[in-house]
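Engineer: Turn this into a model:
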Amino acid sequence: MSSFTLGRYIPIDSAIHRMDPRAKIMAMLVLLVCIFIPAGWRGYGVMFMVTCSAILVAKLSFKFIWKSMKPMLFMLVFLFVINIFSIHSGDIWLKVGSLEIHSQAVFQTLYIAVRLLLMIMITTCLTATTKPLDMTLGIEDLLKPFEKVHVPSHMIAMLISIALRFIPDLIEETQRIMKAQESRGVDLKEGKLKEKMMAILALIVPLFVSAFQRAEDLAEAMEARGFVPGRMRTRYKQLHFTQVDYVVLIFVHVLLVILIGMAIYL
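Structural biologist: Okay, the predicted model is just below:
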């Protein structure tokens, strides 16, 4: 089983699992907007409490959420190194020879890290509590108004849901290929640069072949079930808003107003 969690649905009975997918998507978008409101550390503290509360209500483990954050750790370290050499404002916290670490570089990295952390927590909570089919239906309904300007909402929704569904599959396939290559004596961690590039090439080629095979199998399965792009389709499942959906949407919009007020007056 892959440790990659983004895009993986977890079948649990919770209040968030039972919510309308359109309400969850809209709430996620509002929360993502809230993350970028410059309300300071107090605002991020409020957002962190709200996000953790949503995870608890969804009955998801924080260990599961943490697995989705691991791939971002390297990027944060790389970002911190860039900020050290590019940001020279604020107090000098550490000086090693000609290298100086300024307070503003640390704060800027922390701000970005907190934003990424909250974004991953929110998106993982959405994908873990929403079935791929429900996600497709929700995105399609939200994009319906754009059909007046000839935007194919159904095709866009289907592409997004398929992409999210294939992310964990591709990660698992990568790990399977890596183990197969290691069993044949291919070392992906040590060796010279040329050897590492050849090892990565030995990983990428079968991964692309497997991805194209999966795409072809999916296309044949859809064609066998009578799928025709652009054709009007009926639905077995109909989406309906409940009181919980309206309460959640009102809450996230009130939270947005509060954070805007904190950014202006605090």
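
Engineer: Tell me, please, where in the protein the pLDDT is lower than the cut-off.
Structural biologist: Residues of the chain meeting the criterion pLDDT under 70: 1-7, 186-196, 230-233.

Engineer: where do the strands sit along it?
Structural biologist: Under the criterion DSSP state E, the chain contains strands at 92-96, 99-102.

Engineer: Name the strands paired with the longest one and say parallel or antiparallel.
Structural biologist: In other words, strand 92-96. strand 99-102 (antiparallel) (DSSP bridges).

Engineer: isn't residue 120 right next to residue 69, touching?
Structural biologist: Yes. Under the criterion of CB atoms under 8 Å, residue 120 makes contact with residue 69 at 5.4 Å. Just so you know, the C-beta spots here come from the backbone N, C-alpha and C atoms, and that holds for glycine as well.

Engineer: returning to what we had before: winner for burial among the strands of the chain?
Structural biologist: strand 99-102 (a mean of 15; mean count of other CB atoms under 10 Å).

Engineer: neighbouring contacts of it?
Structural biologist: With contact meaning CB atoms under 8 Å, 6 or more residues apart in numbering, strand 99-102 is reached by 84, 87-95.

Engineer: Which one of these is nearest to residue 25?
Structural biologist: residue 87 (35.6 Å; CB to CB).

Engineer: is it true that the closest one touches residue 112?
Structural biologist: No. Using CB under 8 Å, residue 87 is not in contact with residue 112; the gap is 11.7 Å.

Engineer: next one: stretch 130-150 to chain centre, how far?
Structural biologist: 18 Å (CA atoms, centre = their mean, to the nearest Å).

Engineer: who touches that stretch?
Structural biologist: 9, 17, 20-22, 24-26, 127, 151, 153-154, 156-158, 160-161, 164-165, 235, 237, 239.

Engineer: what does stretch 75-88 give?
Structural biologist: 99-102, 104-106, 108-109, 112-113, 116.

Engineer: in that stretch, what's buried?
Structural biologist: 76, 79-80, 83-84, 87 (16 or more other CB atoms under 10 Å).

Engineer: How about stretch 169-180?
Structural biologist: 169-171, 173-174, 177-178.
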